[in-house]
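A.B. asks: Provided below for reference: sequence and predicted model.
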Amino acid sequence: MGFSKNKIKQICGLMVFAAFLVLLVVYSKSVMNGLVMTIEMVRPFIIGGAIAFVLNLPMRMIEEKLLGKWKGKLAEKVKRPISMLFAIVVVVLIIVLVIATVVPQISKTVTVLGNKIPAFLDEVVIRLEALSVEYPEIEEQIIALESLEINWDSIMDSAVNFLKNGVGSMLTSTFSVAGSIIGGTVEVVIAFIFALYILSQKEALGDQGRRIISAYFSEKKAGSILKVLALLHKNFSSFITGQCLEAVILGTMFIITMSIFRMPYAFMVGVLIAFTALIPIVGAFIGCAVGAFLILIENPILALWFVVLFLVLQQVEGNLIYPKVVGNSVGLPAIWVLMAVSLGGSLFGVVGMLFFIPLLATFYTLLRENVNARNAKKCQVRQENKVQEEEEEQESAEEEDSKEDENEKL
């Protein structure tokens, strides 16, 4: 019994896939090294693509809303560069605002804390003296420590050896750090230039991508791929927009409430919490920790009330604002958001948290559509079977009636 051409083709494909899996397992270490090397090579372009995606959101808004009425050939030529420049300026101004607001205050707090340390040490000494009077055992232990003999020659030899060996390692570390800084700077420059190229030619690049997909895949598969890519773009754009809007709302809430209760650093803490709230779930807690520390230096009681205020606003934000602004924007239930944050954070850190929410939202949407389509198909089959059974029952009933009529005639 022979096999058809399609069956032979499927068998050959399975054999090739099995051989590929075997080679992948046998040479897994080399494959991983190759993947790491490949990622290192294309990392500037990946970063550039991410920068372009983020900048495209304000750039598209500026181009469509503010400059949408510009008509003519000259306007069409200058519209894209102007909107791109405005988008870059907006993002840079936001980063500068956060740095200029938070960093000086933290430096001032560290300076105040450094000035308070000597007084704190004097108080510690007084406390220790009082304890030594109340508890003579402590004074005995201190006297025993003072009576210990210290081998200064051994300490000096160890210090000299450390300096001899440390100079070489220090120079190596210096060159390594300098190389990392230069390499990082070059990488950022390449990524930024690549992002500008993507933004300036995004329509042409999108058309080229669609043509490539249509050329190498069938019409049905190409349509499915383009549908998934469009859904990914929509979810990522909605997530970034919703996350930024939610962060602004949360920061504004903190500025207003802290000003009402006359807490210090209201504007600075609000800006810091808004900036850290861009990290899903855990970001605002980072801002809370820094804000509580700064207020603690000024007034410990107010720091406690600030933590209480943070917990209240966090509940309001988590139960009312976040589901409406971010959850609805990507169409992902809260339990899936928590799963995405945990999985992405454990694998890739903060970047994973930001990346996995829209990615999982896309998977959730595709799974929901597939499940609904399969259930609808099964319902349709059951309905058709039910109609067929009813028709068969009706036909059998008509046959029985006809037989009864014939028997009556006989």
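C.D. replies: Cool, got the structure. Bear in mind the structure is a predicted one, so any value in this text is a computation, not a measurement. Numbering: from 1, shown residues only.

A.B. asks: quick one: the helices in this structure?
C.D. replies: Using DSSP state H, the helices found in the chain span residues 5-26, 28-61, 73-134, 136-146, 152-200, 202-216, 219-260, 266-276, 283-298, 300-316, 322, 328-330, 334-409.

A.B. asks: need the helix or strand of the protein with the lowest average pLDDT.
C.D. replies: helix 136-146 (a mean of 63; mean pLDDT, DSSP states H and E).

A.B. asks: report the central residue of this structure.
C.D. replies: Leu354 (1.2 Å; CA atoms, centre = their mean).

A.B. asks: for that one, give its distance to Ile297.
C.D. replies: 32 Å (CB to CB, to the nearest Å). Every C-beta, even on glycine, is put in place using the N, C-alpha and C of the backbone.

A.B. asks: how about the nearest residue to Val290 once chain neighbours are set aside, what does it touch?
C.D. replies: Nearest non-adjacent residue to Val290, counting by CB to CB, 6 or more residues apart in numbering: Leu272, 6.0 Å away. Going by CB atoms under 8 Å, 6 or more residues apart in numbering, Leu272 touches 98, 101-102, 287, 290-291.

A.B. asks: ok, Phe298 - how many residues close by?
C.D. replies: Not quite, residue 298 is Glu, not Phe. Close neighbours of Glu298, defined as other CB atoms under 10 Å, add up to 13.

A.B. asks: residue contacts, it?
C.D. replies: Per CB under 8 Å, 6+ apart, neighbours of Glu298: Pro264.

A.B. asks: separation between it and Ala292?
C.D. replies: 11 Å.

A.B. asks: what of Val92?
C.D. replies: According to CB to CB, Val92 and Ala292 sit 30 Å apart.

A.B. asks: who has more neighbours out of these two?
C.D. replies: Ala292 (17 against 10).

A.B. asks: OK, contacts around the residue lying closest to the more buried one once chain neighbours are set aside?
C.D. replies: Counting by CB to CB, 6+ apart, Ala292 lies nearest to Ala303, which is 5.1 Å off, once chain neighbours are set aside. By CB under 8 Å, 6+ apart, the contact set of Ala303 is 292-293, 295-296.

A.B. asks: so for Ala303, what's the pLDDT?
C.D. replies: Listed pLDDT for Ala303 reads 86.

A.B. asks: let's number from 35 now, not from 1
C.D. replies: Sure, I'll start numbering at 35, so the last one becomes Ala337.

A.B. asks: relative to Leu393, how far out is it?
C.D. replies: 38 Å.

A.B. asks: same question, Phe340
C.D. replies: 35 Å.

A.B. asks: quick one: which of the two has more around it?
C.D. replies: When Phe340 and Leu393 are compared for neighbours, Phe340 comes out ahead with 25 against 18, by other CB under 10 Å.

A.B. asks: for the more buried one, give me its contacts.
C.D. replies: 292, 297, 303, 322, 325-326, 329.
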